[in-house]
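Q: Provided below are the primary sequence and the corresponding predicted coordinates.
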Amino acid sequence: MPLAAFGGYNGRKPEKIQKYRAVSRDLFYESASPDDVFPKVFEVGKISEVHIRARGLPDTAWIFCASEDGFDLDGNNYFPEYATVFSDDSVSGYKKQSPSDRLKMPHLPYERTSEGIVLKVVFPREGRYVFSMRSGGKVIGRVWVYALESDLFSLRPYRGDIHMHTTFSDGRDTNLEMALSALSVGCDFISPSDHRRREGSIDLIRKFEGVPSSLKVFPAEEAHASLLHINNFGSTGSIEEWSRRERADFDAHTNRILGSIPPSLKLSDLDALTLAQSEAVFEKIGEMGGISIFNHPYWRRNGEQLCVSDGLRDALISRGKFDAYEIVNGSINYDSSDLSAARHAEAAQSGNYMPIVGCSDAHNSGELGCGVTLAFAASCDLNGVKSAIMSRSTVAVDTFGSFERPKMYGKMRMLKYASFLWKNFFPLHDEICLGQAAALREYFEGGKTRELRERVAEEAGKLADLEKKVWG
């Protein structure tokens, strides 16, 4: 029986994410099961009820479940195709099992429903699991789920972009257009971070006040009080206004730090001044309740020289005064994110695992989606996202060139979970976001009528419904 009998991902194909083919129908290679099994995410150690869409499943079907590292639910090695061969009490190799031998393996009891089958299982450890459906010695279908320890199970994945530009600075599109386009490619939260201006984000927050959308907008600006580009994310004020209007205070911060820079760093006068001014900005962002982010550490000004020297970058990282590191900047020169990732890995090897974000740095709506942050947070609000960043519960995703096979950066535990979600949750999530973006566009362009407002609320509610279905 072909896998197509097990439901099927038949939703609209989002126009803005045409490369998104994470949903595969190949039984043996990177398959995904976005609408074939619910829930998809379970808590380790608890009795879980798994519903699999399997209309037409033969009466002879057997169901097996194994973790991705080769163990069944009872902790036994699970190799459905091969058996170990012993000779004179020693291991001599492997042999392929016959179909009749494979059927002797422990299988899971299940109940049939009008839509398929229901199983009750307990997942013993964290990780990805596959339910394999077999008949006549052949695999006829597979679905994937994930089990989490309670700490991560209590969080939810929110995808966002907190570095983009609008017509409030040098962006091509308005802040509203950037918001609608970001939602259409699956963003749950955004922050316009215009050069030297916080107004772009504040104005957009006002536009969304009272609108029943799931998209959250947070304040930000890309500060240039020093030669370093710094994201002032989620603070209560503008760094640019402070550095201009209260220049004496900014200079006092700078001079105090400048006097503390040790000669052993061997920085040039310009690098030393940039270091001091940058750390003054980091301090002020912290005072205003925000997060300071070292933007694109390997950006090349005019495509030529790096924005900072190796010595200055090393000093910034070793002193550790900024809060987070933009490891992915999707829209700039091709090797920027690769170099940023390599430098982050070196710092981590030295015991300094910097909190990370991934961003697009989009200057037009067509660039959105090429770099995003997956924040595992208790809620999709400013405090939740800030907490996720600072607790290192983020995965930075670089989709430039391939939405199907993105590059992901983060701690292994988070990254493995994010990889599962990318294939098994976000296709459904993004389809809903696309519909909500269309409803929002009509709302803002069609007179903000009560009817359109209700449509936006209805579309936004679908995400909440999906969350209830996915997390068991």
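A: On my side now, so go ahead.

Q: how about low-confidence regions in the stretch 251-400 of the chain?
A: Across the stretch 251-400 of the chain, the ranges flagged by pLDDT under 70 are 333.

Q: all helices for it, in order.
A: 269-287, 310-319, 336-349, 382-390 (DSSP state H, counting those that start in this stretch).

Q: Mean neighbour count and distance to residue 356 for those - can I get that in JSON lines?
A: Yep, even glycine has a C-beta here, placed from its N, CA and C like the rest. Below are the helices of the stretch 251-400 of the chain laid out as JSON lines (neighbours: other CB atoms under 10 Å; distance: least, CB to CB, whole Å):
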{"stretch": "helix 269-287", "mean neighbour count": "21", "distance to residue 356": "16"}
{"stretch": "helix 310-319", "mean neighbour count": "17", "distance to residue 356": "13"}
{"stretch": "helix 336-349", "mean neighbour count": "17", "distance to residue 356": "7"}
{"stretch": "helix 382-390", "mean neighbour count": "20", "distance to residue 356": "8"}
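
Q: mind giving me a markdown table with these and columns for distance to residue 186?
A: Below are the helices of the stretch 251-400 of the chain laid out as a markdown table (distance: least, CB to CB, whole Å):
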| stretch | distance to residue 186 |
| --- | --- |
| helix 269-287 | 28 |
| helix 310-319 | 31 |
| helix 336-349 | 19 |
| helix 382-390 | 16 |
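
Q: Figure out which of these is closest to residue 357.
A: Smallest distance to residue 357 across those (CB to CB): 6.3 Å, for helix 382-390.

Q: Can you spell out which helices and strands pack onto the closest one?
A: Other helices and strands packing on helix 382-390, by 3 or more CB pairs under 8 Å, 6 or more residues apart in numbering; DSSP states H and E, are strand 156-164, strand 291-294, strand 371-377.

Q: make it 7 Å
A: If you count contacts as 3 or more CB pairs under 7 Å, 6 or more residues apart in numbering; DSSP states H and E, helix 382-390 packs onto strand 291-294, strand 371-377.

Q: Go through the helices of the stretch 251-400 of the chain and name the closest to residue 50.
A: Closest approach to residue 50 among the helices of the stretch 251-400 of the chain (CB to CB): helix 382-390, 28.1 Å.

Q: Other residues contacting that closest one?
A: With CB atoms under 7 Å, 6 or more residues apart in numbering as the test, helix 382-390 has contacts from 158, 160, 189, 218, 234, 291, 323-324, 355, 357, 375-378, 394.

Q: Out of those, which comes closest to residue 449?
A: Among these, residue 189 lies closest to residue 449 (CB to CB), at 26.4 Å.

Q: Could you give the bridge partners of that closest one?
A: The residues listed as beta-bridge partners of residue 189 by DSSP bridges are residue 160, residue 216.

Q: dump the residue contacts of it.
A: 158, 160, 216, 218, 380, 385.

Q: circling back to that earlier point, report the buried members of the contacts of helix 382-390.
A: 158, 160, 189, 218, 234, 291, 323-324, 355, 357, 375-377, 394 (16 or more other CB atoms under 10 Å).

Q: Quickly check those for the two that are furthest apart.
A: It's 158 and 323 that sit farthest apart of these, by CB to CB, at 18.5 Å.

Q: need the next SSE after the longest strand seen in the chain, C-terminal direction.
A: Counting residues, the longest strand found in the chain (DSSP state E) is strand 138-148. Proceeding N to C from strand 138-148, the next assigned helix or strand is helix 150-153, under DSSP states H and E.

Q: For that following helix, list every residue counted as buried.
A: Applying 16+ other CB under 10 Å to helix 150-153 flags 152-153 as buried.

Q: Stretch 458-466 too?
A: For stretch 458-466, the neighbour count (16+ other CB under 10 Å) marks 459-460, 462-463, 466 as buried.

Q: quick revisit: for the helices and strands packed on helix 382-390, which one sits closest to residue 426?
A: Among the helices and strands packed on helix 382-390, the nearest to residue 426 by CB to CB is strand 371-377 (9.2 Å).

Q: Would you mind listing where the stretch 51-200 of the chain has pLDDT under the threshold?
A: For the stretch 51-200 of the chain, the stretches with pLDDT under 70 are 78-82, 98-106.

Q: what about the strands in it?
A: 62-67, 82-87, 90-96, 111-112, 116-122, 127-135, 138-148, 156-164, 189-192 (DSSP state E, counting those that start in this stretch).

Q: just so I know, which of those lies nearest residue 278?
A: Comparing the strands of the stretch 51-200 of the chain by CB to CB, strand 156-164 comes nearest, at 16.8 Å.

Q: Please put the alpha-carbon coordinates of that closest one into CSV.
A: Extracted C-alpha coordinates of strand 156-164, given in CSV (Å, rounded to 0.1, in the frame of the first residue of the first chain):
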residue,chain,number,x,y,z
ARG,A,156,7.1,26.1,22.5
PRO,A,157,9.0,27.0,19.3
TYR,A,158,8.5,30.5,18.0
ARG,A,159,10.2,31.6,14.8
GLY,A,160,11.2,35.2,14.3
ASP,A,161,13.4,37.8,12.7
ILE,A,162,14.7,40.7,14.8
HIS,A,163,17.0,42.4,12.3
MET,A,164,15.4,44.0,9.2
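
Q: shift numbering so it begins at 38
A: Done: numbering now begins at 38, and the last item shifts to strand 193-201.

Q: And that strand, what does it pack against?
A: Contacts defined by 3+ CB pairs under 7 Å, 6+ apart place strand 193-201 against strand 226-229, strand 267-270, strand 393-396, strand 408-414.

Q: now those strands as JSON lines including distance to residue 475?
A: Output for the helices and strands packed on strand 193-201, formatted as JSON lines (distance: least, CB to CB, whole Å):
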{"stretch": "strand 226-229", "distance to residue 475": "17"}
{"stretch": "strand 267-270", "distance to residue 475": "29"}
{"stretch": "strand 393-396", "distance to residue 475": "25"}
{"stretch": "strand 408-414", "distance to residue 475": "20"}
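
Q: which stretch among these comes nearest residue 245?
A: Checking the helices and strands packed on strand 193-201 against residue 245 by CB to CB gives strand 226-229 as the closest, at 10.2 Å.

Q: Excluding chain neighbours, what is closest to the spatially most central residue of the chain?
A: For the chain, the residue nearest the mean C-alpha position is residue 411 (2.2 Å; CA atoms, centre = their mean). The shortest distance from residue 411 to any non-neighbouring residue, by CB to CB, 6 or more residues apart in numbering, is to residue 432 (4.3 Å).
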